[in-house]
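Enquirer: Quick one, fold the following:
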Amino acid sequence: MPTIPPLDVSAQVMTETSLTDDSLSTMTPIPKLTQRSSSVDVDLGVRLKTLREAHGLSQRELAKRAGITNSNISMIEQGQVSPSVQSLTRILNAFPMTVADFFSCDLALLDTCIFRACDRVELKQHRSDGLIVERLARVNTYPQVDLQVQTFPGGFSGRIERHVSTQDWSGVITQGTLQLWLGAKCYELSLHDGFYIPRGIDCRVINPAAEPATLVSCSLFVRQD
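Expert: As a prediction, this is how the structure comes out:
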């Protein structure tokens, strides 16, 4: 997927050939007034196509939801016509999404929303204490989130590497059982049990069984203003 940076809304040129609220179907090609305006129209079309495909919608389905013809959607995506703000709002309501979000969001991040099994294997880390950590959300992509799959070998006892003062930590047991120690208090966690530990609270994890236990966890960096 090509990188699609946020658009500058102020650069978009709405000409007399733009869509109107009363006549969505009578669209004519926009004259190439300047190279800049033509580029914005094309970027708008690519942005709409990327968003539509990310939602798994065909041009026909999007047009049906927006109450216009699929040929209108096709011409917009090809950069042949430019919708007015009112018309674009009508189309985006089909997702739904605001016009502001449409122009400001970085759609290139859609490529990083899915984490395949092969990626997990490549990112797997084996620690000296036997804990296997598979990081899903890469720090350079989502710096505020650390999403992991952690496999604790039988008999494991130790602390989880996290910034206690700045990170909230939560998780769900997907295999086996674990003991979560908060200070002097122990909590037994079975299959599908979960937890949420706010920043500032340290903890220790123990796997009392001989079989491995698996935890899907997420650490969230909390801003300190």
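Enquirer: Domain ranges for the protein, per the record?
Expert: Domain segmentation of the chain under automatic domain parsing yields 9-111, 114-221.
Enquirer: and after the helix or strand of the chain with the lowest mean pLDDT, which helix or strand comes next?
Expert: None of the helices or strands of the chain scores lower by mean pLDDT, DSSP states H and E than helix 117-122, at a mean of 68. Downstream of helix 117-122, the next assigned helix or strand under DSSP states H and E is strand 124-126.
Enquirer: If you count contacts, what does that following strand end up packed against?
Expert: Applying 3 or more Cβ pairs under 8 Å, 6 or more residues apart in numbering; DSSP states H and E, one finds that strand 124-126 contacts strand 132-135. C-betas here are computed from N, CA, C, even on glycine.
Enquirer: Quick one: mean pLDDT for the strand it packs on?
Expert: Averaged across strand 132-135, pLDDT comes to 84.
Enquirer: for it, the distance to its chain's centre please.
Expert: How far strand 132-135 lies from its chain's middle: 20 Å, per Cα atoms, centre = their mean, to the nearest Å.
Enquirer: Also stretch 44-62?
Expert: Centroid separation for stretch 44-62 versus its chain: 17 Å, with Cα atoms, centre = their mean.
Enquirer: any low-confidence regions in this protein?
Expert: 1-42, 108-114, 119-123, 137-143, 222-225 (pLDDT under 70).
Enquirer: As a quick check, tell me the outermost residue of it.
Expert: Within the chain, the residue lying farthest from the chain centre (Cα atoms, centre = their mean) is Ala184, at 37.9 Å.
Enquirer: separation between that one and Phe156?
Expert: Distance, Ala184 to Phe156, using Cβ to Cβ, to the nearest Å: 20 Å.
Enquirer: Val99 now?
Expert: 51 Å.
Enquirer: Looking at these two, which is more packed in?
Expert: Phe156 (21 against 15; other Cβ atoms under 10 Å).
Enquirer: Contacts only, for Ser157.
Expert: Residues near Ser157 by Cβ atoms under 8 Å, 6 or more residues apart in numbering: 204-207.
Enquirer: Cheers, nothing more for now.
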